[in-house]
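Asks: what follows is a predicted protein model with its sequence.
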Amino acid sequence: MDNPALTIPGFGSAAPQGPQLSADLAALCQNAILGGRDEGGKLTSWAAQSEVETLNLRRRLRKQEHDFSTLFEIVGQISARSLDLVVMQTYLLRTVSGHFTTPKLLIIRKHKPGDKTLTVSATQGIREAHVTIPHDSPLCTEALNRRFCLLLGEVPEPIKALPEVMALRALGVTVVVPLIQEVETPETVLEGFLCLSTRLANREYSGGDLEFLNTLGKMLAICLRNETLYRSSIIDDLTGVASRGHFDARLSQEINRIQIYGHRSIGLVMLDVDRFKTFNDTYGHQTGDRVLTEIARVMVGQVRNVDLVARYGGEEFAIILLEIERERVLDVSQRLRRAVETMAITSMDGQPLKVTASFGAACYPDDAKDKTELIQFADKALYVAKDSGRNRVVMAPPGNGRPQLPKPAEPKTEETQEVKSGTSRRFERRRPSDRVPAEPA
């Protein structure tokens, strides 16, 4: 967006700048004062041209100011949302669509640091977009070499003929913005592409628009990288469910929420794959990994989105059930047990496997007074389930570790003493060291 230099009529096409411009303009004014008509006309023409250029300059400055403010707001908003991928991408696509009046957009990116392909992560105005770009595609090489927006209609012919480029053009994409981050390593890293279709009314993308998009692409690349690193820290690599560290943090958070706001109780279900060592010893560790991955998938499909499935360690999983009554925890645990028992899975060489798991469950604050006891009682119930035959659910008995509130003094009549004595026997508090009795599956 270079501003065209002013040309003083009568002084040639090579427009003077700085002191020379001032000197020539002063000479023109002096001649006009002395009565030269030609000089007066030239001065009038220069003044008109200067006014036009000033208006254009102001218009460009206003647009730059608007673009800068929009860019600043977008970067701030996506940075604030960078740990929630869905929200961040939705906000970005809607904002860019409105700013450029572009009906169709999509983000194609690597979802894990080691991914060898870039796949569609989010779309706007496109129902189905099945585009896969290999990380070593000439399109990626061209983007890394240019480090600037690519107009698909102007890329070299061999790149136009690539299947991924043809697929993008079939979706109406005309501009591809490389998402390049240069912060973490000395080498540039291509995180993906932000793709935009033709603007409404067939308006073209100006040089300023492409500069805007290029800067936005660099900022988005950093946010996507941060989100990827964050997810890798809270997600178990093998199974795709929450990691042990994220489970501990989430359980503490939910217990604190109950203590502060008095929400309903939460359930903790722990499960252990029955005879898991047999799968590794008989069919190999890859089959064992397949069993764990499939169980994780089944667990996620059986609980609500608000609940949390985590890999607790080895072949053991833990599930946090939010806002649930104690009676419902047993029902959910039985449903999970049946889902594992009936899932279809084969070994690496195609042999069908029979997989079962044992479950232990407990609730807070019904069964435990803190996080440590909740895990302890659920884990103890799990091992009672394994000791009593496997493939079953055991619920920790009610009242374990529950704080006993002082009761108001009662008149010492013969009747109340008898009732009080009976109540005390019925709800006697169990010590954490007491063995949890097994319940039939």
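Replies: Sure thing, it's come through. Being a predicted model, the structure only gives us computed values, none of them experimental. Numbers count the residues shown, from 1 in each chain.
Asks: so what's residue 74 up against?
Replies: Residue 74 makes contacts with 92, 95-96, 216, 219, as judged by C-beta atoms under 8 Å, 6 or more residues apart in numbering. All C-beta atoms are positioned from the backbone trio N, CA, C, and that covers glycine.
Asks: among these, which ones are buried?
Replies: The neighbour count (16 or more other C-beta atoms under 10 Å) marks 92, 95-96, 216, 219 as buried among the contacts of residue 74.
Asks: at the geometric centre of the chain, which residue sits there?
Replies: Against the mean C-alpha coordinate of the chain, by C-alpha atoms, centre = their mean, the closest residue is residue 85 at 2.2 Å.
Asks: make JSON lines out of the contacts of residue 74 and add secondary structure.
Replies: Compiled in JSON lines, the contacts of residue 74 are given as follows (DSSP: H, G, I helix; E, B strand; the rest coil):
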{"residue": "92", "secondary structure": "helix"}
{"residue": "95", "secondary structure": "helix"}
{"residue": "96", "secondary structure": "helix"}
{"residue": "216", "secondary structure": "helix"}
{"residue": "219", "secondary structure": "helix"}
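Asks: please name the nearest non-neighbouring residue to the residue nearest to the centre of the chain.
Replies: What sits nearest to residue 85 in space, not counting adjacent residues and going by C-beta to C-beta, 6 or more residues apart in numbering, is residue 227, at 5.2 Å.
Asks: sec struct for the one you found, please.
Replies: helix.
Asks: what's the answer for the one 4 residues further on, then?
Replies: Secondary structure, three-state DSSP: residue 231 is helix.
Asks: that one: neighbour count?
Replies: 13 (other C-beta atoms under 10 Å).
Asks: also residue 93?
Replies: 21.
Asks: now do the same contact list for it.
Replies: By C-beta under 8 Å, 6+ apart, residue 93 lies in contact with 105-107, 122-124.
Asks: that older thread, quick one, what contacts the residue nearest to the centre of the chain?
Replies: Residue 85 is in contact with 121, 227, 231, counting by C-beta under 8 Å, 6+ apart.
Asks: how about it, phi and psi?
Replies: phi -60, psi -50 (degrees, to the nearest 10).
Asks: now swap in residue 266 and tell me
Replies: Phi and psi for residue 266, reported as degrees, to the nearest 10, are phi -120, psi 150.
Asks: just to check, it is in contact with residue 321?
Replies: Yes: judged on C-beta atoms under 8 Å, residue 266 makes contact with residue 321 at a distance of 6.3 Å.
Asks: how about residue 351, nearest residue that isn't a chain neighbour?
Replies: residue 283 is the one closest to residue 351 (C-beta to C-beta, 6+ apart), at 7.2 Å.
Asks: just residue 210 next, same as before
Replies: For residue 210, the spatially nearest residue (C-beta to C-beta, 6+ apart) is residue 149, at 4.5 Å.
Asks: thinking again about what came up before, so the residue nearest to residue 85 touches residue 88, yeah?
Replies: Yes: with contacts counted by C-beta under 8 Å, residue 227 reaches residue 88, the gap being 7.1 Å.
Asks: what about these two, which has more around it?
Replies: residue 88 (22 against 19).
Asks: list the contacts for the nearest residue to that one once chain neighbours are set aside?
Replies: Of all residues not flanking residue 88 in the chain, residue 81 sits nearest, at 4.0 Å (C-beta to C-beta, 6+ apart). Taking C-beta under 8 Å, 6+ apart, we find residue 81 in contact with 87-88, 91.
Asks: before we move on, the earlier item: measure how buried the residue nearest to residue 351 is and give me the count.
Replies: Residue 283, neighbours per other C-beta under 10 Å, totals 18.
Asks: measure residue 209 to residue 149 for me?
Replies: Remark: distance between residue 209 and residue 149 (C-beta to C-beta, to the nearest Å) = 9 Å.
Asks: actually residue 309, not the one I typed
Replies: Counting by C-beta to C-beta, the gap from residue 309 to residue 149 is 41 Å.
Asks: for residue 95, same thing?
Replies: Taking C-beta to C-beta, one finds residue 95 at 18 Å from residue 149.
Asks: now swap in residue 369 and tell me
Replies: Residue 369 is 59 Å from residue 149, by C-beta to C-beta.
Asks: what about the contacts of residue 81, which are in helices?
Replies: 87-88, 91 (DSSP state H).
Asks: re earlier: adding distance to residue 342, write the contacts of residue 74 out as JSON lines.
Replies: Shown next, in JSON lines, are the contacts of residue 74 (distance: C-beta to C-beta, whole Å):
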{"residue": "92", "distance to residue 342": "42"}
{"residue": "95", "distance to residue 342": "46"}
{"residue": "96", "distance to residue 342": "46"}
{"residue": "216", "distance to residue 342": "49"}
{"residue": "219", "distance to residue 342": "48"}
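Asks: among those residues, which one has the lowest pLDDT?
Replies: By pLDDT, residue 219 ranks lowest within the contacts of residue 74, coming in at 87.
Asks: name the nearest residue to it, sequence neighbours excluded.
Replies: Once flanking residues are discounted, residue 219 sits nearest to residue 75: 4.6 Å by C-beta to C-beta, 6+ apart.
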